[in-house]
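>>> this one's sequence-less:
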């Protein structure tokens, strides 16, 4: 089925460890996004990519890096995980000025 | 933060009743969108209303937009138990990039 695929679905990290969250879409969308969702906070934009080869910071970029590897893939990297990064991470994609398609999320716990 | 706010935070109704959720936002927008999130799942796009539109319908959903008051409402008619979910409004800004700012959501519980 067409859509946005995120891996892994669950992850537990120790403080200071690094990891990369993977995201791929097969809808030929130009724009891709990474959000985090915390209880009572709604979704907050971490980074986005308006097109292949470009990335920009969102509302909460500190502690994260991203790579738009090609039009399909947009990865999010935590270089040195902290407990404050415990959250549910969502990747999304969209054509310009239309609704987003979200992945099913990665539930990350940093201990 | 430029987050919008939904009202109420939680809503409990009986099957067959209508549910109304409101959203207020702070900045000029390109469009406003509503999403549904079932527990433990990703968000699903429901409807988009552009800044030059005042009302839009999709099935049992009716969305209104008042840009002078920076507010929107989502009406779900004849609700069903399957409508139980969190509902988020999101405002699009930033030119062609279509970045979305999400509100904190309304948790809707439809009792059978």
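Perfect, I can see it now. Keep in mind the model is a prediction, meaning the values are calculated, not measured.
>>> in the sheet, who's paired with the nearest residue to residue A:68 once chain neighbours are set aside?
Leaving aside its sequence neighbours, residue A:68 sits nearest to residue A:49 (C-beta to C-beta, 6 or more residues apart in numbering or on different chains; 4.2 Å). In short, each C-beta sits where N, CA and C put it, glycine included. Counting by DSSP bridges, residue A:49 is bridged to residue A:32.
>>> likewise residue B:10?
residue B:107.
>>> From what I see, it and residue B:106 are in contact.
Yes: here residue B:10 reaches residue B:106: they are 6.9 Å apart, a contact under C-beta atoms under 8 Å.
>>> Between those two, which has more neighbouring residues?
residue B:106 (22 against 10; other C-beta atoms under 10 Å in any protein chain shown).
>>> burial count for the residue nearest to residue A:68?
Neighbours around residue A:49, by other C-beta under 10 Å: 21.
>>> same question, the one 5 residues further on
Using other C-beta under 10 Å, residue A:54 has 12 other residues around it.
>>> Check the residue nearest to residue A:68 and give its pLDDT.
pLDDT recorded at residue A:49 is 94.
>>> and stretch A:11-24, how far from the chain's centre?
Between the centre of stretch A:11-24 and the centre of its chain there are 11 Å (C-alpha atoms, centre = their mean, to the nearest Å).
>>> can you tell if it touches chain B?
No: judged by C-beta under 8 Å from any C-beta of the partner chain, stretch A:11-24 stays clear of chain B, getting no closer than 11.6 Å.
>>> So for that stretch, first residue to last residue, what's the gap.
Across stretch A:11-24, the terminal residues are separated by 18 Å (C-alpha to C-alpha, to the nearest Å).
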